[in-house]
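>>> structure, please.
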Amino acid sequence: MTSHKRDPVLGVRRAGPAYEEPTRWWNPLSSVTDEVRAARRAERFAVDSHAPGTRTDAHLDPAGQDLLARLLLAVALDGHPISDVDTWLTRPTHETAVDVLREHGFPLTADQVAGVTAARSSGGRLGTPLLGVLDEAANVCRWRELPNLYSLYGSRGIVLMTILQS
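The predicted model follows:
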């Protein structure tokens, strides 16, 4: 079978087999060189993964998108295939992404991935419970999501004690 259709990219007609190996391809991670660009690419993937009008979880979706951005940065920096992101997500003890991020000068991002990995391998709970004391919370900053976070953080071994003064 041959094709004589106009090539939409080159704008020329090409004759030849319609099912030949591509000579050009686009790497969606070619522009990912830092955390900001990785976050933009992860946002694009996240937006495209939800049907229009779908409700998302206000706490878990942003955290998942942040992790995706960090893993996309790791694969882009070291030339890994994008399929490695899936491998790293399904094997929480896999340290390759952490090592890659450290080697390329992103130690904070590596620590964040390591923290998520440790939390996932322990069922999401801290090994030792943490008490977070928020003294004069209303005077310091407005945190609209705080009431919703009590349950989420409690399930992770983080107890929040909020002190409100008038």
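>>> and residue 144, how many neighbours?
If you count neighbours by other Cβ atoms under 10 Å, residue 144 ends up with 6. Just so you know, the C-beta spots here come from the backbone N, C-alpha and C atoms, and that holds for glycine as well.
>>> if I look at it, how far off is residue 137?
Distance, residue 144 to residue 137, by Cβ to Cβ, to the nearest Å: 12 Å.
>>> for residue 29, same thing?
For residue 29, the distance to residue 137 equals 40 Å [Cβ to Cβ].
>>> swap in residue 55?
Distance from residue 55 to residue 137, counting by Cβ to Cβ: 28 Å.
>>> which one of those two is surrounded by more residues?
Summary of the neighbour comparison: residue 55 and residue 137, criterion other Cβ under 10 Å, with residue 137 having more neighbours (17 against 7).
>>> hang on, the more buried one packs against residue 162?
Yes. With contact defined as Cβ atoms under 8 Å, residue 137 counts as touching residue 162 (4.9 Å).
>>> who touches both of those two?
residue 146 (Cβ atoms under 8 Å, 6 or more residues apart in numbering).
>>> list the buried residues in stretch 32-42.
Judged by neighbour count (16 or more other Cβ atoms under 10 Å), stretch 32-42 contains these buried residues: 32, 35, 37, 38, 39, 41, 42.
>>> taking the residues you listed one by one, which sit in helices?
When helices are assigned by DSSP state H, the members of the buried residues of stretch 32-42 inside them are 35, 37, 38, 39, 41, 42.
>>> of the residues you listed, which is the nearest to residue 112?
Ranked by distance to residue 112 (Cβ to Cβ), these are led by residue 35 at 9.9 Å.
>>> which residues are in contact with the residue most central in space within the chain?
For the chain, the residue nearest the mean C-alpha position is residue 68 (1.8 Å; Cα atoms, centre = their mean). Contacts for residue 68 were tallied using Cβ under 8 Å, 6+ apart; they are 42, 45, 46, 85.
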